[in-house]
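Enquirer: Sequence and predicted structure below; questions after.
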Amino acid sequence: MDAQILRVQILYIIHVVRARQLQLAGLIYLLLAFIIQHRLSAKKHANIRTRDVILQRRYVREKMLRDLSNSGKCRELIRMSEKAYMTLCNILKHDGCLQATQRMSIEEQVARFLHIVGNDLRNWLASWIYRRSRSTTSRCFHRVLRTILSLESHYIQQPKGDIVPKEIQEKKRFYPFFKDCIGTINVLAACTFDLKFTYVLTGWEGTASDSRIIKNAFIRSDKLVIPTDIGQ
């Protein structure tokens, strides 16, 4: 008899424990459902805010590009006329193979590059003006820069020395060149008498002596070539 009573008590305890486990599991399921619903709702609202921000930034960029063409401030903003700006975009596209990205046109890439170099803008400021991230601005800048450098041979050619310019032949005042020249230069450039560049060396920050820059120009991989035996 005592064994039977003990068995009944054990079964009752097991029943109570299982009932409480089921109640606890139900509470856990309700809590998980609440958390999931809350997160989905928050994500939905966040996506709505994100879309609004994206649309607002896109509007700012489109308005800025329209202003470059229609406001008459193109030369003031990017140091280039509207016609020259569009011509440069076409040259970089067709000759330099510059391509638009999924979210950025060629016109925006070129405008941002010119905006930076023409006004000495910092990366963070250009990023804020065009409503882009700093990494995007940096990639865009170097993409356009590489495209421009790839066109160097199309527009800058050093003289071969087989023709003597008449300005040198007929006017002795041009010789000797740079006689008693003093001072410092940060960019070394050579051009013909009709103002076409034949060589450009940049990249010297601060001040440097003339002799140091000219020596560097002679030993670089893209070195300055001085024609010899001219006219012979």
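Expert: Structure received.
Enquirer: how about the helices of the protein, start to end?
Expert: 2-70, 74-78, 82-94, 106-119, 123-129, 134-150, 152-155, 166-170, 210-219 (DSSP state H).
Enquirer: okay, the ones you listed in JSON lines with distance to Val225 next?
Expert: Where C-beta positions appear, they are placed from N, C-alpha and C, glycine not excepted. Converted to JSON lines, the helices of the chain look like this (distance: least, Cβ to Cβ, whole Å):
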{"stretch": "helix 2-70", "distance to Val225": "39"}
{"stretch": "helix 74-78", "distance to Val225": "33"}
{"stretch": "helix 82-94", "distance to Val225": "26"}
{"stretch": "helix 106-119", "distance to Val225": "27"}
{"stretch": "helix 123-129", "distance to Val225": "36"}
{"stretch": "helix 134-150", "distance to Val225": "19"}
{"stretch": "helix 152-155", "distance to Val225": "14"}
{"stretch": "helix 166-170", "distance to Val225": "17"}
{"stretch": "helix 210-219", "distance to Val225": "9"}
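Enquirer: want to try CSV for the ones you listed, with mean neighbour count, distance to Asp194 and mean pLDDT as columns?
Expert: Output for the helices of the chain, formatted as CSV (neighbours: other Cβ atoms under 10 Å; distance: least, Cβ to Cβ, whole Å; pLDDT from 0 to 100):
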stretch, mean neighbour count, distance to Asp194, mean pLDDT
helix 2-70, 11, 31, 74
helix 74-78, 17, 24, 85
helix 82-94, 15, 19, 92
helix 106-119, 20, 25, 91
helix 123-129, 15, 35, 88
helix 134-150, 16, 22, 92
helix 152-155, 10, 14, 84
helix 166-170, 11, 9, 64
helix 210-219, 13, 22, 82
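Enquirer: Of all these, which one is nearest Lys196?
Expert: Judged by Cβ to Cβ, the one of those that comes nearest to Lys196 is helix 152-155, at 8.5 Å.
Enquirer: Please compute how far the closest one lies from its chain's middle.
Expert: In terms of Cα atoms, centre = their mean, to the nearest Å, the centre of helix 152-155 is set 22 Å apart from its chain centre.
Enquirer: Can you pull out the residues in contact with it?
Expert: If you take Cβ atoms under 8 Å, 6 or more residues apart in numbering as the criterion, helix 152-155 is touched by 95, 197.
Enquirer: related to what we said a few turns ago, show me the one of the helices of the chain that comes nearest Phe193.
Expert: Counting by Cβ to Cβ, and looking across all of the helices of the chain, nearest comes helix 166-170 at 4.4 Å.
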